[in-house]
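> Using only what follows, build the 3D model:
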Amino acid sequence: MSNLNNNQQGSLGLVACVTMIVGGMIGSAIFSLSGMTIYYAGPAAIISWIIAAIVLLMYGLQVAELSTIFPKSGGVFIFPSKSLGKTEKQGKIWGWISAWGYLNANIVGIAFAAIYIATYLSVGFPIFKGMQIPLAIAACIFCCILNILKISAAGKVNTILVILLTCTMVVFVFVGLFGKSWDSSLLTPFFTQGSKGGTGFISAIPNAMVAYGSIVAIAFIVSEVKDPNKNVPKSICIAMGIVIILYVMIILTTVGLITSDFLQENPGMRFIPLYAASFTKLTAFPWLAKVISISAVLALLTTMNVLIAITSRAIGAIANGGMLPKSLNKINSKTGTPVIASIVVTAVSIIIACFPQFTAEIVNIGSLFAAITISINCVSLLVARKKNKYIEGNYRAPGGSVLPIMTLIIIIASYIPGIINGASLWYYIIAWYLIGIIILSLYRMTVRKSNVS
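Prediction:
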């Protein structure tokens, strides 16, 4: 155990932490997946996004506490491996299960963001039409380079991008609400407009939760944060406050411009809802569609930037735990970043981004893997509190055992419809873990042979 009050060595201050979390959350989901939530739930998608925010804030505060108990980057592996299992070996297995699923969720998130950078550029600027895959690859490489730089440099770039992004989102809300096209009658009936009927807002929660996944970004790179005992939970709360206000305003604006029926009739618009709203209802402002395209690109880039950062550090933690080659945990002495792990994450993301025709499957798989990881870490907190004596002054999430238990209940309830009706998703999950087992087995076999020789 460690008391974090004296840990001031990280390079990320409160502002950088907040902007990294905000930048990670405002990305592919609000500009793309929001269309799917409206398609499922109609105006009730607003409730889906609020519930999702509450669940992920609860989760974020739990992870913040775990980061004070185990103050080391790569928490998605560290937290379960240190908390679960009666032996160190059993704990590492739980850490691997959590981290391997987390890697999938983040890598498909990076790939999805890259795909829709290309999509928004092509619809906003015809010169990019037909260049979806090359643009997706270029976006991945750009964010990889940014991550290989010193983390503080990446944080500064992220701050600038988030400021620009927030401004463009505010412009969309202002023009959408006050541009004389917003129609309050489209909000009724409130619960039954969506393709999933009266319970559509429940079906939409998993997609909305994807939008807030980066709430844990700073807790997972805790060793690079200044005074993390204060800045980790504080940045989580501030970032969520900013993001939920923006999200609710964006969804409210959008459902007053386009309907679930419109998205059912125009499936090509489901993943670009803000552009669809601007293109069809806000034609009096022809420049707005281009602003939305630019805003979406900025949002998607910040998401990719943050996801590559936290995923590469999760890989490093797995490698440090002896379950992947040690080279993946190699840190560049000049920049303090895991170069090889960042390149590996980027390479796999590029491969997935080359198959944009499977976008829906990519989203659903990532969403379910994220739920698995969240559930494991909620259980980790319950166990960690029993195993580790509380150190006075360390952050402690509110609500005691109620918070993780409630998080688990909501996660399970919101995913039940997808689990029952999505048998094919389980095939992908089994396949992903089988790949992981093969890689782990081959690595351990190589280690044993080298030890014998």
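
> Could I get the full set of helices for the stretch 1-150 of the chain?
Assigned by DSSP state H, counting those that start in this stretch, the stretch 1-150 of the chain shows helices spanning 14-25, 28, 34-41, 45-69, 75-83, 88-124, 132-148.

> now for those helices, which one comes closest to residue 345?
Comparing those against residue 345 with C-beta to C-beta, the closest turns out to be helix 88-124 (6.4 Å). (Each C-beta comes from the backbone N, C-alpha and C, glycine too.)

> which other helices and strands contact that closest one?
helix 28, helix 75-83, helix 132-148, helix 273-281, helix 287-320, helix 339-353, helix 359-387, helix 423-452 (3 or more C-beta pairs under 8 Å, 6 or more residues apart in numbering; DSSP states H and E).

> of all the helices of the stretch 1-150 of the chain, which lies closest to residue 194?
Residue 194 sits nearest to helix 34-41 of all the helices of the stretch 1-150 of the chain, at 4.1 Å, using C-beta to C-beta.

> on that earlier part again, would CSV of the helices and strands packed on helix 88-124 with mean pLDDT and distance to residue 256 be doable?
Formatted as CSV, these follow (pLDDT from 0 to 100; distance: least, C-beta to C-beta, whole Å):
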stretch, mean pLDDT, distance to residue 256
helix 28, 63, 23
helix 75-83, 85, 38
helix 132-148, 90, 30
helix 273-281, 89, 9
helix 287-320, 84, 15
helix 339-353, 92, 33
helix 359-387, 84, 25
helix 423-452, 82, 33
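
> For residue 230, find the nearest of the ones you listed.
Among those, if distance is taken as C-beta to C-beta, the winner is helix 75-83, at 17.4 Å.

> got the helices and strands packed on helix 88-124 as TSV, with mean neighbour count columns?
Compiled in TSV, the helices and strands packed on helix 88-124 are given as follows (neighbours: other C-beta atoms under 10 Å):
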stretch	mean neighbour count
helix 28	28
helix 75-83	29
helix 132-148	20
helix 273-281	24
helix 287-320	26
helix 339-353	21
helix 359-387	20
helix 423-452	12
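
> Can you redo those helices as JSON lines, where the extra columns are distance to residue 212?
Formatted as JSON lines, these follow (distance: least, C-beta to C-beta, whole Å):
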{"stretch": "helix 28", "distance to residue 212": "12"}
{"stretch": "helix 75-83", "distance to residue 212": "16"}
{"stretch": "helix 132-148", "distance to residue 212": "20"}
{"stretch": "helix 273-281", "distance to residue 212": "18"}
{"stretch": "helix 287-320", "distance to residue 212": "11"}
{"stretch": "helix 339-353", "distance to residue 212": "20"}
{"stretch": "helix 359-387", "distance to residue 212": "10"}
{"stretch": "helix 423-452", "distance to residue 212": "21"}
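
> which stretch among these comes nearest residue 207?
Residue 207 lies closest, by C-beta to C-beta, to one member of the helices and strands packed on helix 88-124: helix 359-387, at 6.4 Å.

> And that closest one, what does it pack against?
Applying 3+ C-beta pairs under 8 Å, 6+ apart, one finds that helix 359-387 makes contact with helix 45-69, helix 75-83, helix 88-124, helix 205-210, helix 402-421, helix 423-452.

> what inclination does the last one have with respect to helix 88-124?
With axes from the mean of the first three to the mean of the last three C-alpha atoms, to 10 degrees applied, the angle from helix 423-452 to helix 88-124 works out at 130 degrees.

> sorry, back to before: which one of the helices and strands packed on helix 359-387 lies closest to residue 240?
Across the helices and strands packed on helix 359-387, residue 240 has its closest neighbour in helix 45-69 (4.9 Å, C-beta to C-beta).

> Mean confidence (pLDDT) on the closest one, please.
The average pLDDT for helix 45-69 rounds to 92.

> who wins for proximity to residue 218 among the helices of the stretch 1-150 of the chain?
Nearest to residue 218, of these and by C-beta to C-beta, is helix 14-25 at 4.7 Å.

> got the contact list for that closest one?
Under the criterion C-beta atoms under 8 Å, 6 or more residues apart in numbering, residues 12, 152, 155-156, 158-159, 161-163, 165-166, 211-215, 217-218, 225-226, 231-232, 234-236, 238-240, 242-243, 302-303, 305-307, 309-310 lie in contact with helix 14-25.

> now with 6 Å?
With contacts defined as C-beta atoms under 6 Å, 6 or more residues apart in numbering, helix 14-25 is touched by 155, 158-159, 162, 212, 214, 217-218, 231, 235, 238-239, 242-243, 302-303, 306.

> How about residue 96: what's its closest non-neighbour residue?
residue 323 (5.3 Å; C-beta to C-beta, 6 or more residues apart in numbering).

> what kind of secondary structure is the one you found in?
Taken by DSSP: H, G, I helix; E, B strand; the rest coil, the conformation at residue 323 corresponds to coil.

> Tell me how many other residues surround it.
Neighbours of residue 323 under the rule other C-beta atoms under 10 Å: 21.

> before we move on, what about residue 197?
Counted with other C-beta under 10 Å, the neighbours of residue 197 add up to 14.

> For residue 227, give its distance to residue 15.
Note on residue 227: its distance to residue 15, by C-beta to C-beta, to the nearest Å, is 13 Å.

> that older thread, same list (the helices and strands packed on helix 359-387) but as CSV, adding distance to residue 261.
Converted to CSV, the helices and strands packed on helix 359-387 look like this (distance: least, C-beta to C-beta, whole Å):
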stretch, distance to residue 261
helix 45-69, 14
helix 75-83, 40
helix 88-124, 21
helix 205-210, 19
helix 402-421, 21
helix 423-452, 27
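
> With respect to residue 179, which of those helices lies nearest?
Proximity to residue 179 (C-beta to C-beta) singles out helix 88-124 among those, at 18.4 Å.

> next one: that closest one to chain centre, how far?
Helix 88-124 has its C-alpha centroid displaced from the chain centroid by 8 Å (C-alpha atoms, centre = their mean, to the nearest Å).
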